[in-house]
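A.B. asks: got a predicted structure plus its sequence, pasted below:
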Amino acid sequence: MIVVDTNLVVHYYVRGTHSSLAEAVLGRDALWAAPLLWRSEFRNALALFVRQRLVALDDAVLLALEAERLMAGREHAVVSHRVLRLAADSGCSAYDCEFVALAEDLDIPLVTSDRQVLRAFPSFAVTPERFLVA
């Protein structure tokens, strides 16, 4: 099992330049976990794509349902004081630190391309490319 950030989920479900990388990560480990926040972030990305006319609204609804099925049973609440401490110590957003806190709680890697998170949390955060060769 791995923690994935929302961008990886977006890349998996919305075809783009990083989709094949997200597919490879899922192929290596299909048990993706995330804090509950991922749903709101994913919906926000889909809403942006709908407004930009990159994805039809009906397709966005279906993508949200598919993503929710993939993540079912592996969505977790995180403890606020841990998230806030991680954010204060690292300078990363509380949003990003929710993913870090979950990775620490579960003692599993966080797969992300976020450079600030990768720099601040090298013991848990790993790029998709590095995850694939580990």
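C.D. replies: Nice, thanks for sending it over. Residues are numbered from 1 along each chain as shown.
A.B. asks: do a quick rundown of the strands in this structure.
C.D. replies: 2-4, 32-35, 75-76, 110-111, 125-126 (DSSP state E).
A.B. asks: which elements pack onto the fourth one?
C.D. replies: Pointing back at strand 110-111 there. strand 2-4, helix 94-106, strand 125-126 (3 or more C-beta pairs under 8 Å, 6 or more residues apart in numbering; DSSP states H and E). C-beta: built from backbone N, CA, C; applies to glycine.
A.B. asks: and the longest one, what does it pack against?
C.D. replies: Helix 94-106 makes packing contacts with strand 2-4, strand 32-35, helix 37-51, strand 75-76, helix 80-90, strand 110-111, helix 115-120 when contacts are defined by 3+ C-beta pairs under 8 Å, 6+ apart.
A.B. asks: quick one: which of the strands of the chain is nearest A87?
C.D. replies: When the strands of the chain are compared by C-beta to C-beta, strand 32-35 sits nearest A87, at 13.2 Å.
A.B. asks: off-centre distance for that closest one?
C.D. replies: Chain-centre distance of strand 32-35: 7 Å, with C-alpha atoms, centre = their mean, to the nearest Å.
A.B. asks: and stretch 51-63, by the same measure?
C.D. replies: Its chain's C-alpha centre and that of stretch 51-63 lie 20 Å apart, by C-alpha atoms, centre = their mean.
A.B. asks: next, the buried residues of that stretch.
C.D. replies: Buried residues in stretch 51-63, counted by 16 or more other C-beta atoms under 10 Å: V55, A60, L63.
A.B. asks: which one is the last one nearest to, not counting chain neighbours?
C.D. replies: Ranked by C-beta to C-beta, 6 or more residues apart in numbering and with sequence neighbours excluded, the top spatial neighbour of L63 is Y13, at 4.7 Å.
A.B. asks: tell me the contacts of that neighbour?
C.D. replies: Y13 sits next to L63, E66, A67 when contact means C-beta atoms under 8 Å, 6 or more residues apart in numbering.
A.B. asks: reformat those residues as a markdown table; add distance to L21.
C.D. replies: Listed next are the contacts of Y13 as a markdown table, based on distance: C-beta to C-beta, whole Å:
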| residue | distance to L21 |
| --- | --- |
| L63 | 18 |
| E66 | 19 |
| A67 | 17 |
